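Participant: heads up, no residue letters with this:
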């Protein structure tokens, strides 16, 4: 059941452990009420994919995920004819003298293998997550236009397959390349940014409940300062949650330089970034956050 207000949408997301600001909650609410695909862009780790997972869990609907990659084509994304079954049917027809019958049914729906796009259009209502569209080749975007505009797929040999209940469509992009305007025009758009300190504290409260309040405040202050630095890959919310849980697993009660240095591989994912932060720079940030959040 679709939430009847922006506040109800924000509450639905929060029930699933996702803390959305008012702008994001409004865009999600409008996408649900208007039946429009939602295109989310932002840095990796800011929670774009998680929105689709939470919506699927709380609406509730099936989650159908299409993970995009270089070389993704229609056969992997939408449908593919089961040529082995078709060939077997032809051989059986030849053996029984029913060639004319099999010629008229060889492109029946039973021989069509559904991939994520078609899976989302058929069966029980779904949330279709088209994840990291920017990783796919640009020509692949043309395959999506019919699905996004009319929630249908045209199969030349079979006809047009339409959704009885249109899926909720969430498209994500890390902006490694620009997605074509034709896709954007069919969607509502939102840029998912890093959260401010207050919202990140609330996220940790929900997603890392074992972390002491004092440590949580220091973690957020540390990560917020770190994102102002010049690093190859800044830590996202996912890394903040992982780091908080890692420190809690080590029974940390507050940030200490030794524990920070030992766990930087949870927070940062590139050796150059770790080497830049480890030691004096980490100790300086620890001192600052302990003073700011004593």
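Facilitator: Yep, that arrived. Everything quoted here is computed from the prediction, not taken from an experiment.
Participant: Report how many residues lie close to the closest residue to residue 235 other than its chain neighbours.
Facilitator: Distances taken as C-beta to C-beta, 6 or more residues apart in numbering place residue 267 nearest to residue 235, at 5.0 Å, with adjacent residues excluded. Quick note: C-beta positions are derived from backbone N, CA and C, even for glycine. By other C-beta atoms under 10 Å, 23 other residues sit near residue 267.
Participant: now do residue 151
Facilitator: Neighbours of residue 151 using other C-beta under 10 Å come to 20.
Participant: okay but it is in contact with residue 121, surely?
Facilitator: Yes - using C-beta atoms under 8 Å, residue 151 is in contact with residue 121, at 6.4 Å.
Participant: Mutual contacts of those two, please.
Facilitator: With contacts taken as C-beta atoms under 8 Å, 6 or more residues apart in numbering, the residues that reach both residue 151 and residue 121 are 162-163, 167.
Participant: Going by neighbour count, which of the residues you listed are buried?
Facilitator: 163, 167 (16 or more other C-beta atoms under 10 Å).
Participant: Among the shared contacts of residue 151 and residue 121, name the ones in helices.
Facilitator: Using DSSP state H to define helices, no part of these is located there.
Participant: and which of the shared contacts of residue 151 and residue 121 is nearest residue 202?
Facilitator: residue 167 (29.6 Å; C-beta to C-beta).
Participant: which element is the residue nearest to residue 204 when sequence neighbours are not counted on?
Facilitator: Nearest residue to residue 204, sequence neighbours excluded (C-beta to C-beta, 6+ apart): residue 216, at 4.8 Å. In the assignment (DSSP states H and E), residue 216 maps to helix 213-226.
Participant: For residue 1, give me the pLDDT.
Facilitator: pLDDT for residue 1: 76.
Participant: quick one: the residue nearest to residue 235 from residue 242, how far?
Facilitator: 8 Å (C-beta to C-beta, to the nearest Å).
Participant: same check, this time on residue 266
Facilitator: 5 Å.
Participant: Pick out the residue closest to the middle of this protein.
Facilitator: Central residue of the chain (C-alpha atoms, centre = their mean): residue 49, 1.7 Å from the mean position.
Participant: now residue 74, nearest residue through space, not along the chain?
Facilitator: residue 143 (5.5 Å).
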